[in-house]
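Visitor: no sequence on this one, just coordinates:
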Ligand code: ZN
């Protein structure tokens, strides 16, 4: 995560025409190398903290939680000290002088280091402590309120989250645009105004498609999938993810309650979960996490810890997971290769399921009130709803106490269903419980980016789906490596999309993809 910092005009890239240093030879490389060493140390501490978090979800014995809380606290303290090391500030200041001629790549590292350093040092310690304590209390209050379906009990915590979010924006110089700051933390450079325009265009195209599919007589039959032994599911997903390109010598997959992907390219930890009666859930969540893992494994290893070895932001990260999960693994070519393998592992379970029924189940469309259960066609509507409400909460147009009614009204309008409880409505997601505002839009932006990349790569690499039908995904991975993964943070989200696809980010490729895939199945 990064936040914008002030940058002196003299601190500019010197691509092509490097100006003569004022005092040659410059001592800048030494300062730069020292900075990188500091950044790498802070990054290494972060990877240790990640590992503690992964272990907590995967292995931690039930009664050992207190020990882990203590370990987290010590790590957080150590990480904060490393990130706020005054030496980083001194080195940055040394580079931000007129004689500080950095190469374009060095500039990328220094610019992001400045943002991160300012963010870590500009917030007063008492604010940071207050926010951390509130997040922890609010998380438990949310879990309790959700279990008891009692929004009123959680409302004061959400109100305080909003107060803190406004104050944080103010402290960092974003007082006039607090929601833009919330977005920028996840997708640097993007604004609510840009997202509003993109989402409005998406909504106009999506609603007619959703109603048409809802009226269709075609329906998937997920109830046919019963009794898939977990060990065989594990073998299948290992084969699939390995063939997609995941390097198991620098990563692994384990089981946790909620699937996730953590770690860095040098050591990726993915998780999944198994349900004997829902093998496709495990398979697709694993492929999704593999997409995240492939991105991380494709970042330049030697640059880990600097912006050159870091993902652009959440939208691009999500575009990678969604592209593999949806455009690739829900496609016909993928199943042409993997269906025989799937049937060989589960001959009895799949005996009564035709190829067409299997493909329809892979692309099942069914409205649901729960975002994480939503299919590709409905998913974006869940995000549009949350984005609209977050903006109103930040502007003051909507009071927290009126949030459930506003949520339910929008749900009815967009999804054609109204939650019977707040547990299935406004309390369903974990994000707001820790004040994680501005995160939701990344999911939908990621879907847009994925579809736009997909349209581009199909044009650029003819015969790609014939590759998939032979079980070969190497050309796609190579293209993503070259165009996205190895780029690190050289470009922000919108610039990267423009450079790679030749077009501004637009919802039209996503709409075209959804119409093609789901129209073909449901609107015959
Ligand atoms: Zn994801």
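Guide: Perfect, thanks for sending it. Because the structure is a prediction, the values reported are computed rather than measured.

Visitor: so which residues of the stretch 251-400 of the chain form helices?
Guide: Shown for the stretch 251-400 of the chain, the helices assigned by DSSP state H, counting those that start in this stretch span residues 279-298, 314-322, 332-345, 347-350, 355-362, 376-395.

Visitor: quick one: low-confidence parts of the chain?
Guide: By pLDDT under 70, the weakly predicted segments of the chain are 1-29, 99-100.

Visitor: pull the number of nearby residues for the nearest residue to residue 167 once chain neighbours are set aside.
Guide: Excluding the flanking residues, the one nearest residue 167 by C-beta to C-beta, 6 or more residues apart in numbering is residue 127, at 6.9 Å. Heads up, the C-betas are built off the backbone N, CA and C, glycines and all. The tally of other residues near residue 127 (other C-beta atoms under 10 Å) stands at 14.

Visitor: kindly report the same for residue 245.
Guide: 19.

Visitor: element containing the residue nearest to residue 48 when sequence neighbours are not counted, please.
Guide: Nearest residue to residue 48, sequence neighbours excluded (C-beta to C-beta, 6+ apart): residue 75, at 6.4 Å. Per DSSP states H and E: residue 75 is located in helix 65-83.

Visitor: buried ones in that helix?
Guide: Neighbour-count burial for helix 65-83 flags 71, 75, 79, 80, 82, 83 (criterion: 16 or more other C-beta atoms under 10 Å).

Visitor: the last one and residue 184: what is the separation?
Guide: With distances taken as C-beta to C-beta, to the nearest Å, residue 83 is found 18 Å from residue 184.

Visitor: what about the strands in the stretch 151-300 of the chain?
Guide: Assigned by DSSP state E, counting those that start in this stretch, the strands in the stretch 151-300 of the chain fall at 251-255, 261-264, 267-272.

Visitor: so which of the ones you listed is nearest residue 279?
Guide: strand 267-272 (11.2 Å; C-beta to C-beta).

Visitor: helices or strands up against that closest one?
Guide: Packing partners of strand 267-272 (3 or more C-beta pairs under 8 Å, 6 or more residues apart in numbering; DSSP states H and E): helix 28-58, strand 251-255, strand 261-264, helix 279-298.

Visitor: redo that, cut-off 6 Å
Guide: strand 251-255, strand 261-264, helix 279-298 (3 or more C-beta pairs under 6 Å, 6 or more residues apart in numbering; DSSP states H and E).

Visitor: out of the ones you listed, deepest packed?
Guide: Greatest average neighbour count among these goes to helix 279-298 (a mean of 24), per mean count of other C-beta atoms under 10 Å.

Visitor: that one to helix 332-345, inter-axis angle?
Guide: 120 degrees (axes from the mean of the first three to the mean of the last three C-alpha atoms, to 10 degrees).

Visitor: other residues contacting helix 279-298?
Guide: Contacts of helix 279-298 with the rest of the structure, by C-beta atoms under 6 Å, 6 or more residues apart in numbering, involve 228, 233, 237, 241, 244-247, 251, 259, 261, 264-265, 268, 270, 272, 274, 320-321, 324-325, 329, 481, 485.

Visitor: among those residues, which ones are buried?
Guide: 228, 233, 237, 241, 244-246, 251, 259, 261, 264-265, 268, 270, 272, 274, 320-321, 324-325, 329, 481, 485.

Visitor: give me phi/psi at residue 190?
Guide: Geometry field for residue 190 lists phi and psi as phi -90, psi 150, criterion degrees, to the nearest 10.

Visitor: list the contacts for it?
Guide: Neighbouring residues of residue 190 by C-beta under 6 Å, 6+ apart: 183, 493.

Visitor: and it, how far is that from residue 205?
Guide: Residue 190 is 21 Å from residue 205, by C-beta to C-beta.

Visitor: equivalent analysis for residue 382, please.
Guide: Residue 382 is 16 Å from residue 205, by C-beta to C-beta.

Visitor: between those two, which has more neighbouring residues?
Guide: residue 382 (24 against 15).

Visitor: for the closest residue to residue 170 other than its chain neighbours, give me its contacts.
Guide: Nearest residue to residue 170 in three dimensions, chain neighbours excluded: residue 178, at 7.5 Å (C-beta to C-beta, 6+ apart). With contacts defined as C-beta under 6 Å, 6+ apart, residue 178 is in contact with 166, 169, 394.

Visitor: likewise residue 481?
Guide: With C-beta under 6 Å, 6+ apart, residue 481 has these contacts: residue 298.

Visitor: and the strand or helix carrying it with helix 314-322, angle?
Guide: Under the criterion of DSSP H and E, residue 481 resides in helix 474-483. Angle of helix 474-483 versus helix 314-322, following the same axes, to 10 degrees, is 170 degrees.

Visitor: beyond helix 474-483, next helix or strand please.
Guide: Next along from helix 474-483, by DSSP H and E: helix 493-501.

Visitor: what residues sit buried inside that following helix?
Guide: 493, 494, 496, 497, 500, 501.

Visitor: what's the first one in contact with, if anything?
Guide: Meaning residue 493. Counting by C-beta under 6 Å, 6+ apart, residue 493 has contacts 187, 190, 312, 313, 315, 316.

Visitor: helices along the stretch 101-250 of the chain, start to end?
Guide: 104-122, 125-148, 151-171, 178-186, 192-214, 230-244.

Visitor: dump those into JSON lines; add distance to residue 278 as well.
Guide: Below are those laid out as JSON lines (distance: least, C-beta to C-beta, whole Å):
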{"stretch": "helix 104-122", "distance to residue 278": "41"}
{"stretch": "helix 125-148", "distance to residue 278": "23"}
{"stretch": "helix 151-171", "distance to residue 278": "30"}
{"stretch": "helix 178-186", "distance to residue 278": "30"}
{"stretch": "helix 192-214", "distance to residue 278": "22"}
{"stretch": "helix 230-244", "distance to residue 278": "10"}
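
Visitor: those: which one's closest to residue 446?
Guide: helix 178-186 (10.5 Å).

Visitor: that closest one to helix 151-171, inter-axis angle?
Guide: Using the same axes, to 10 degrees: helix 178-186 against helix 151-171 is 80 degrees.

Visitor: was I right about residue 263 contacting residue 269?
Guide: Yes: here residue 263 reaches residue 269: they are 4.6 Å apart, a contact under C-beta atoms under 6 Å.

Visitor: distance of the closest residue to residue 438 other than its chain neighbours from residue 437?
Guide: Nearest residue to residue 438, sequence neighbours excluded (C-beta to C-beta, 6+ apart): residue 182, at 2.9 Å. Using C-beta to C-beta, residue 182 is found at 4 Å from residue 437.

Visitor: before we move on, what about residue 355?
Guide: 44 Å.

Visitor: who has more neighbours, the two?
Guide: Neighbour tally, residue 355 and residue 437, criterion other C-beta under 10 Å: the higher count belongs to residue 437, 23 against 13.

Visitor: contacts only, for the more buried one.
Guide: Per C-beta under 6 Å, 6+ apart, neighbours of residue 437: 165, 182, 390.

Visitor: check contacts around the first one.
Guide: If you count contacts by C-beta under 6 Å, 6+ apart, residue 165 has them with residue 437.

Visitor: what do you get if the cut-off is 8 Å, keeping everything else the same?
Guide: 178, 182, 394, 435, 437 (C-beta atoms under 8 Å, 6 or more residues apart in numbering).

Visitor: ok, the last one next?
Guide: Contacts for residue 390 (C-beta under 8 Å, 6+ apart) come out as 179, 182, 437, 438, 440.

Visitor: contacts only, for the first one.
Guide: Contacts for residue 179 were tallied using C-beta under 8 Å, 6+ apart; they are 192, 390, 391, 394, 395, 437, 438.

Visitor: among those residues, name the buried ones.
Guide: 192, 390, 391, 394, 437, 438.

Visitor: export those residues to a markdown table and tack on distance to residue 308?
Guide: Converted to a markdown table, the buried ones among the contacts of residue 179 look like this (distance: C-beta to C-beta, whole Å):
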| residue | distance to residue 308 |
| --- | --- |
| 192 | 29 |
| 390 | 32 |
| 391 | 33 |
| 394 | 33 |
| 437 | 29 |
| 438 | 25 |
